[in-house]
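Q: The following block contains a protein sequence and its predicted model.
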Amino acid sequence: MSLYELFTKKGPSGFGYGSTAEQVTEGLSLAGKTMLVTGVNAGLGHEALRVLALRGARVVGTARTLEKARAACEAVQGDTIPLACELSDPASVRACVEEVKRRGLQLDVILCNAGIMALPKLEKAHGIELQFFTNHIGHFMLVTGLLGQLTETGRVVMLSSSAHTMAPKEGIEFDNLDGAKRYGDWRNYGQSKLANLLFAKELSRRFAGTKKTANAVHPGVISTNLGRHMNAFMTATFSLFGWIALKSIPQGAATEVYVATSPALAGVTGQYFADCNVAKSRPDADDAELAKKLWEVSEKLVAALP
Ligand SMILES: NC(=O)c1ccc[n+]([C@@H]2O[C@H](COP(=O)([O-])OP(=O)(O)OC[C@H]3O[C@@H](n4cnc5c(N)ncnc54)[C@H](OP(=O)(O)O)[C@@H]3O)[C@@H](O)[C@H]2O)c1
């Protein structure tokens, strides 16, 4: 496929690699809808916040601190509610859940966008490898805590990544969640992104018989702060070749915003999307036993957290 074809090709949805978040929501009114987005102070989350609010949604925008969330919300037009949610701090996640409940917010969308990538050295939160904790456990706590606030047709959207294919062969290393036996920057990022995907699939199974949906997304490869921990070789490769094949931030936010809002996706659940179309994930992302085990292990872990 030529670069021209890559950038301009549209899939069955009518959108593709080059579509932007504004384009996938053009003509759509989100008035009356409330949507929570994590990680709104930077990158794709900030663009998602901007475009969802632009289309009339009330957006609950979370960031690690209230100051960051406030600054992000103040930078966009529309109806926004800033909240703190530090995903590696269970007390902060619980406080965010409680605040959403206290305000009586009914959520049409929970968009789990925040994340960290490729930490060069093993770091931990509460004894768990930090990428797994931040990207998966923090969001697991947030979403399961807010399930009662989801509207009848509520959507949960998980930011996964094509890097989920870099997860260990066995999927999730349940005997190594602290990273003590083995650790690799991309391997563990991949594991956390496979966990995001398995969580969406399991949640979708648990939504069976309702109109609620859960899907996962690969946004593309986009130059954002996410790359700040990458090693010198990867950074150099991206700066040499990135201009050819990196999406812009408006293009990178398109798939998550599309899956969160498109009327065409009412009832579509348990899918993995890339470039605004259903895509193929690693085969074991469909392993229902693995997904169930991840849910149960996550529940136990969360129950033991301070
Ligand atoms: N960019 C890509 O090429 C790419 C590719 C595949 C998947 N993704 C996924 O897309 C999502 C968005 O990434 P991005 O490219 O927009 O990255 P980004 O610019 O680095 O933004 C990430 C956001 O997550 C927040 N965050 C990080 N750790 C957090 C924590 N412990 N608690 C709460 N918030 C936290 C960041 O807050 P701070 O600014 O305060 O750190 C920031 O708001 C991520 O889930 C990522 O894995 C991105």
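A: Great, that's in hand.
Q: drop to CA atoms for contacts and neighbour counts, all remaining ones
A: Will do.
Q: Do you know the pLDDT at the single nearest residue of the stretch 51-200 of the chain relative to the ligand?
A: Nearest residue of the stretch 51-200 of the chain to the ligand (CA to the nearest ligand atom) works out as residue 114 at 3.3 Å. For residue 114, the model assigns a pLDDT of 98.
Q: Wait, it touches residue 135, no?
A: Yes. Contact status for residue 114 versus residue 135: in contact at 7.1 Å, counting by CA atoms under 8 Å.
Q: before we move on, back to that, what's near enough to touch the residue of the stretch 51-200 of the chain closest to the ligand?
A: 38-40, 45, 135, 159 (CA atoms under 8 Å, 6 or more residues apart in numbering).
Q: ranges for the strands of the stretch 51-200 of the chain?
A: 58-63, 80-84, 107-112, 124-125, 128-129, 150-159 (DSSP state E, counting those that start in this stretch).
Q: Partner strands of the fourth one and their direction?
A: It stands for strand 124-125. Strand 124-125 pairs in its sheet with strand 128-129 (antiparallel), by DSSP bridges.
Q: Report the next helix or strand after the lowest-mean-pLDDT helix or strand in the chain in sequence order.
A: Scoring the helices and strands of the chain by mean pLDDT, DSSP states H and E places helix 232-245 at the bottom, with a mean of 67. The helix or strand immediately downstream of helix 232-245 is helix 249-252, counting by DSSP states H and E.
Q: where's the closest residue to residue 76 other than its chain neighbours relative to residue 257, distance?
A: In space, and not counting its chain neighbours, residue 76 is closest to residue 50: 5.5 Å by CA to CA, 6 or more residues apart in numbering. Distance of residue 50 to residue 257, given as CA to CA, to the nearest Å: 11 Å.
Q: Name the residue in these two with the higher neighbour count.
A: residue 257 (27 against 23; other CA atoms under 10 Å).
Q: For the chain, which residues are neighbours of the ligand?
A: 39-45, 63-64, 85-88, 113-116, 134, 159-161, 218-226 (CA under 6 Å from any ligand atom).
Q: try 5 Å
A: 39, 41-44, 64, 86-88, 113-115, 159, 161, 221-222, 224-226 (CA under 5 Å from any ligand atom).
Q: out of those residues, which are buried?
A: Buried subset of the residues of the chain next to the ligand (neighbour count, 16 or more other CA atoms under 10 Å): 39, 41-44, 64, 86-88, 113-115, 159, 161, 221-222, 226.
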